[in-house]
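**Student:** After the sequence you'll find the predicted model.
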Amino acid sequence: MSQRLVLSFLPGIIKTSIAISCLLLACSNINAAPRIVKWTEQPGELGLGYPVPKPVDTPLPFDGFRSYNGLRARHFELAASTKVVHRKIIGTTQKGSSINAWQMGDADLLNNEGLPEAAMLTNGGIHAREWQSPEVVTGIMELLAANEEDNGFYRYLLDNANIILIPSLNIDGFKQTQRYPEKNWIDTDPNDPQGSPRDGRMRRKNMRSVDGNLSTQGDHLFGVDLNRNNPPFYASSNRSSANTNSIVHHGVSAHSEGETQALAFAATLGPEDRLRMYTDVHSFSQVHFWHHTGSNRLALNTVKVLRLFSDHHAAFPAAKEYPFSQPNQLTPNRGIGSTDEYFAQTYKIPSWTLEVEPSGGNHTGLPGSGADYGGFASNGHDGFILPESEIRRVRETLAQSFSIAYYKQMGAASVRRVRIINQSTGAVVYAADWVADSPGSRLLHASQVETLVPGNEYRLWVAFNKPMRQRDQQGKVVALQGMPRVVLDNELVLHIDGQELEISTTEIRWLEHEGLAPEGYLHYRDDAYSLEFSITDTQDNRDLIATGNDFTLSQTLRDLGGDLLDANPGTVVNWDNGGWSRLENSNGVLSETGGTDSTLKISVSSTASEPSLLIGASMSAAWPDFNQDKQGLLLEILDNDKAVIYWFTYDHEGNQRYLNAVGTILGNRIVFAELVETRGGSFSKPGFEPEYIVAGQAEIIFTSCDSGRMDYTVDSRSGHLDIGRLTNLMGYDCGLPKPGAPVRQEMQLSGAWINNSSGNHGLIVEVLRDSQIVAYWFSYDNQGNQRWFFGVGKIEADELVFDEVYTTRGGIFGKPAVEAPAELLPWGAMRLQLNCTGGMLNFNADNSGMGNGQFPLDRLTVIRGTTCLLE
């Protein structure tokens, strides 16, 4: 919050006790009799000084206010046209309208680590006359949906947060205000007859016991104030009333109304234990009101969110500042029955009421109400009637500030992946990945194949679990608006026993393009950086290295919102009882602030170690993770530094699945920029053409001839495999760049084969050192689901014979065998007749219901260096 603004009024006082009802000449125009009066653009009893807004039946945002039907149509349109808007019916209004909540993001409620998502709940339209509110909440929906494919900040929110939006809670009342956009009663309010217009455009409450006809005077004061109908402070304040005519009538009991019951139910969509933030969007007075539960921890965390929100919003060109009280200005555990009190007390999360502009007269330089925009302010309630010319700006800027608040409540950033690359060879000499192994912890998978040596040039690449920077319109990395430039600072240190190695580095470069290390980001634009460094070759450095080889890599930097890193990525940050749990500072102590990450150990030596293995044709083989059951990788090394991977695995329900990709060989690693999944083919039915879908990306790093690691992202979730060699192809010895002398000519048949006529069948053939043949057959069932089969065969004359071919079921993607054992099932038999360019496959799978038959095959790949001479 800007220090220029000091909040000197008590929460909630402005709207319920507006004392500007008799300003200037308006007093002389007030009559004592109850009557229906119009708001007008011209001077008068309810003169605005600007055109009276009228709701328009359009779904598209414009410089004005949409009708309820227009807004509702927009919500359904976004749900139909994007993959990130999901409707949930949470309840019913007094008049029987369904109340919708809209979940923004993917539908699985898991983040890209496979962990439960953080949940944010934003409510709108609880008070009918506050037209700004449904527009602002709809604006959040529009902003997120419009950036569904941005590959950066917004995609991060959509993938990793469950953002629940309720654009209009008090639907019945909202419709009533829009039926009578110019009219309301005057001189009927029991507490403020002259100054408080009621019903019509100024209806605040729901429509309990109200017929909707403005001319019916007898019921026009009825209804329940939904923001006084909530526990635990229901009916505990003189700012709510048991009088059914009161504008703050609290109803017969807490949560007596369908609307407040719906809001309470919406929390279960989080689910409740994942909630991190709640906001109730109102108008007006341009301020944040929040409730102090008595927990100083929650109070301080609430203020942090409000400060970020307010500073961000004040930095827009309109410079609209939203002040808020400090904890010592509030009396704990005192309330009026509002929704923010309910969420703060029940869920111990930052919860507040956002009062949208105009101001209430307490902001320096602003007269308040409609006068903020040059209006007359002849009645203080004109603040509820924002000029049409202002709503687009209000809607769009507040939506952006909400997004920043959501980002903050996702928790502190943590290191996810690190690579150090030898600049001269392109080999990855150090690799580290933090991979979630439970909801509360991550396991470090680190490997180093070369020690770092003074004088050598290296490239460091570090990726985090969230985007860390933003860019201006010219693409330059800049501090988030409202934040000081110091948040861009980065400190990197290699040290042992408190003594630092002298290193030279280039300027840090945040990465905005896909492609993985060292030139691309991990998941989202600017979630990774790269820099070049070397350990200076000085005697002081060599003396320090002589004292020990295991150095600590420490880095200190802040995320977009200015928060320090979680100093220990091994524990997954969570929200609990008003604050952050499993968030550690530089000293390894649980805290609310984070610190310096010093979790990685790097070996440094004064003498060079053996160079890393460079990938040759002999790495063509089957590579499973032996901790998993009946799933793995088939790798083929091709000419021109290309490789192909075939990954036979399962989905999350135990059904067979396979992925494939063409990758680029770089030193001792292979980068697969696009893992592709195919769907919709058929085993035997003609006319089915598979659909190709990009499912993720992967990187394989070999640490020896027989071992390596694969780090991947599939279905927006990251994982790690420790892979080992299962097969050795005939004629290919590890370490040799080309095949050796053939043991038998059939070795030339190792590679991929495809049925080009349908595209629904592909085989990978491996001729092994012991003359056995392994074949993996990738296809579909007749319902379009992926299926794969495999067998171990023998060479008989000019045929490859597989007397037993198997299939499987029951494994789970990414799960070890102890958690997801797979079942081996007999499938049938097959025979292959192959030459250098093609051949024929004959199969019999009658016992498994797939029939028997044959189809031609064409050669798809040849192992690097192989020259086929078979006829």
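**Tutor:** Cool, got the structure. Residues are numbered from 1 along each chain as shown.

**Student:** mind checking which helix or strand the nearest residue to I615 once chain neighbours are set aside is in?
**Tutor:** Spatial nearest neighbour of I615, chain neighbours left out: I665 (5.2 Å); criterion: Cβ to Cβ, 6 or more residues apart in numbering. The C-beta positions use only the backbone N, C-alpha and C, and glycine is treated the same way. Assigned by DSSP states H and E, I665 belongs to strand 656-666.

**Student:** which is the next helix or strand following that strand?
**Tutor:** With DSSP H and E, the next secondary element past strand 656-666 is strand 669-679.

**Student:** With only the CA atoms kept, save that following strand in CSV.
**Tutor:** Coordinates of each C-alpha in strand 669-679 appear next as CSV, following Å, rounded to 0.1, in the frame of the first residue of the first chain:
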residue,chain,number,x,y,z
ARG,A,669,21.8,-36.3,-24.0
ILE,A,670,18.8,-36.4,-26.3
VAL,A,671,16.1,-33.7,-26.3
PHE,A,672,12.7,-34.6,-27.4
ALA,A,673,10.8,-31.4,-27.8
GLU,A,674,7.5,-33.0,-28.6
LEU,A,675,6.2,-36.4,-27.3
VAL,A,676,3.4,-37.4,-29.6
GLU,A,677,0.4,-39.5,-28.7
THR,A,678,-1.9,-41.0,-31.4
ARG,A,679,-5.6,-41.7,-30.9
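
**Student:** strands paired with that strand, and their directions?
**Tutor:** When sheet partners are counted by DSSP bridges, strand 669-679 sits next to strand 656-666 (antiparallel), strand 691-704 (antiparallel).

**Student:** still on that earlier bit, any idea of the mean pLDDT in the strand holding I665?
**Tutor:** Averaging pLDDT along strand 656-666 gives 97.

**Student:** For it, buried residues please.
**Tutor:** Q656, R657, Y658, L659, N660, A661, V662, G663, I665, L666 (16 or more other Cβ atoms under 10 Å).

**Student:** which residues does the first one bridge with?
**Tutor:** Beta-bridge pairing of Q656, defined through DSSP bridges, involves Y650.

**Student:** try V415
**Tutor:** F464.

**Student:** how about low-confidence regions in this structure?
**Tutor:** 1-32, 735-743, 871 (pLDDT under 70).

**Student:** Just give me the longest helix of it.
**Tutor:** Using DSSP state H, we find that the single longest helix of the chain is helix 388-408.

**Student:** Which elements pack onto that helix?
**Tutor:** strand 118-124, helix 132-146, helix 153-160, strand 275-285, helix 296-314, strand 351-359 (3 or more Cβ pairs under 8 Å, 6 or more residues apart in numbering; DSSP states H and E).

**Student:** Flag every buried residue along that helix.
**Tutor:** 388, 390-391, 394-408.

**Student:** swap in stretch 550-563?
**Tutor:** 551-563.

**Student:** ok, which pair from these is furthest apart?
**Tutor:** Using Cβ to Cβ, the two most remote members of those are F551 and G561, lying 30.8 Å apart.

**Student:** Pull the contacting residues for S771.
**Tutor:** M730, V743, R744, E746, K794, I795 (Cβ atoms under 8 Å, 6 or more residues apart in numbering).

**Student:** Centre of the chain to stretch 716-728, how far?
**Tutor:** In terms of Cα atoms, centre = their mean, to the nearest Å, the centre of stretch 716-728 is set 26 Å apart from its chain centre.

**Student:** rewinding a little: closest one of the buried residues of stretch 550-563 to I615?
**Tutor:** L553 (26.5 Å).

**Student:** Name the nearest residue to the closest one, sequence neighbours excluded.
**Tutor:** Closest to L553 by Cβ to Cβ, 6+ apart is L600, at 4.5 Å.

**Student:** That neighbour sits in which helix or strand?
**Tutor:** Using DSSP H and E, L600 falls in strand 597-603.

**Student:** same thing with L726?
**Tutor:** Going by DSSP H and E, L726 is not part of any helix or strand.

**Student:** hang on, it packs against W623?
**Tutor:** Yes: counting by Cβ atoms under 8 Å, L726 touches W623, with 6.6 Å between them.

**Student:** which residues do those two both contact?
**Tutor:** G632.

**Student:** who's in contact with A33?
**Tutor:** Counting by Cβ under 8 Å, 6+ apart, A33 has contacts D187.

**Student:** ugh, typo on my part, it should be A643
**Tutor:** I615, L635, E636, I637, V662, G663, T664, I665, I670.

**Student:** Then L675?
**Tutor:** With Cβ under 8 Å, 6+ apart, L675 has these contacts: I645, W647, L659, N660, A661, V694, A695, G696, Q697, A698, Y712, V714.

**Student:** For T607, see how far away it is.
**Tutor:** 39 Å (Cβ to Cβ, to the nearest Å).

**Student:** How about A621?
**Tutor:** From A621 to T607 the distance is 33 Å (Cβ to Cβ).

**Student:** And these two? Which one has more around it.
**Tutor:** Legend: neighbour count by other Cβ atoms under 10 Å for A621 and T607, higher for A621 (24 against 8).
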